[in-house]
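Asks: For reference, the sequence and a predicted model appear below.
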Amino acid sequence: MELEKLREIISEVLNIGEEEINAETKFVDDLGADSLDVFQIIMGIEEEFDIEIANEKAEKIVTVGDAVEQIKSETNN
């Protein structure tokens, strides 16, 4: 469920097809996201899942899978 919602957010921010996004996809290397794009994606995640991701944790998110794990970690608290 987290991955599907995350794919929607990424697709909307980066204006790409959801089919291009999977858990191993890297935001910068594979999707060409810059720091502002990543910030917007993080903001979208926080809003969609009603969580707050600390900057230190956000900086460690490299792949879509990393973001999914962070969402799961924050929503289980």
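Replies: Ah, there it is. Numbering: from 1, shown residues only.

Asks: Residue 27 - how many residues pack around it?
Replies: For residue 27, the neighbour count with other CB atoms under 10 Å is 24. For every residue, glycine as well, the C-beta is placed using N, CA and C.

Asks: what's the nearest residue to it if we skip its chain neighbours?
Replies: Counting by CB to CB, 6 or more residues apart in numbering, residue 33 is the residue found nearest to residue 27 once chain neighbours are left out, at 4.3 Å.

Asks: give the contact list for that neighbour.
Replies: Contact analysis of residue 33 by CB atoms under 8 Å, 6 or more residues apart in numbering lists 13, 14, 27, 41.

Asks: thought the third one was touching residue 39?
Replies: Going back to what we said before, that points to residue 27. No - the pair residue 27 and residue 39 fails to qualify as a contact (CB atoms under 8 Å) at a distance of 10.8 Å.

Asks: Now do the buried residues in whatever helix or strand residue 47 lives in.
Replies: Secondary structure assignment for residue 47, by DSSP states H and E: helix 35-49. Residues 37, 38, 40, 41, 42, 44, 45, 49 are the ones in helix 35-49 that count as buried (16 or more other CB atoms under 10 Å).

Asks: what's the answer for stretch 21-29, then?
Replies: Buried residues in stretch 21-29, counted by 16+ other CB under 10 Å: 21, 25, 27.

Asks: In space, what's closest to the second one - neighbours in sequence excluded?
Replies: Nearest-residue entry for residue 25: residue 64, 4.7 Å, with adjacent residues in sequence omitted and distances by CB to CB, 6+ apart.
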